[in-house]
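**Q** A structural model of the following input is requested.
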Amino acid sequence: MKVLVIEDEVKTAKFLKKGLNEAGFLAEVSGDGLEGLHLAQEVEFDLIILDVMIPGLDGWQVLTRLRDAGNRTPVLFLTARDAVHERVRGFELGADDYLVKPFAFSELLARVRSLLRRAPPRPQETIRVADLEIDPMRQRAIRAGRRIDLTSKEFLLLTLLARRPGEVLSRTLIAESVWDMNFDSDTNVVDVNVRRLRGKVDDPFPLKLIRTVRGAGYVLESGQ
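**A** Predicted structure coming up:
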């Protein structure tokens, strides 16, 4: 899922992008309200994390323009100010949640996941890697014209890998994204499920897409 972070504090923005990426999200950062508004209008994001005090346009103005334009993407406000009237103002303008700085990333991540669970599903484009096609909306995977029968977790795992082709995903990231659990080195749930997924996605075909990177994790790529 794509998350837009509109935050002008460089350290905070980097922290959020790194944490969200490690949690399995595709995070994009903007440090300016005008640029952030443009991105939010041009690219379809699943969630926006919006700081109130940003240059260009402040968070109130960004949110107002988004809602006036009919954009209903969930918005999580970040602010260093905790006055009740400001929280009320944010909700009245159309914010979906509100988090006061400083915050624990674990709380932000929990709020992000909660907002995404509540948001209505939106159409998603077909993902293609080599001769593999994944339709997230219909939860259907096809390879070389042949439909692949996958469990719900196998489909989530395959989709996670396919959304980030060529990128090595750690076992920790996979466990958190697919099973919503902290990875325990004594647990082989990731390896077992990757092995099962390979049996369906790779074994029947000459071109292998899923590769193990020793000591790092797994990557899905077009193959050699």
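**Q** may I have the phi/psi pair for Ala144?
**A** Main-chain dihedrals, Ala144, degrees, to the nearest 10: phi 50, psi 40.
**Q** quick one: the residue nearest to the spatial centre of the chain from Leu160, how far?
**A** Residue closest to the average C-alpha location in the chain (C-alpha atoms, centre = their mean): Phe25, at 2.3 Å. Counting by C-beta to C-beta, to the nearest Å, the separation of Phe25 from Leu160 is 10 Å. (Each C-beta comes from the backbone N, C-alpha and C, glycine too.)
**Q** check Val189 too.
**A** Separation of Val189 from Leu160 (C-beta to C-beta): 14 Å.
**Q** all helices of this structure, in order?
**A** In the chain, the helices defined using DSSP state H lie at 10-22, 33-42, 59-68, 84-93, 105-118, 152-163, 171-179, 189-201.
**Q** which ones are touching the residue nearest to the centre of the chain?
**A** Met1, Lys2, Val3, Val112 (C-beta atoms under 8 Å, 6 or more residues apart in numbering).
**Q** and the furthest pair within the residues you listed?
**A** Farthest pair in the contacts of Phe25 (C-beta to C-beta) is Lys2 and Val112. Separation: 11.9 Å.
**Q** so what sits against both of the two?
**A** Here Lys2 and Val112 share the contacting residues Phe25, Leu47, scored by C-beta under 8 Å, 6+ apart.
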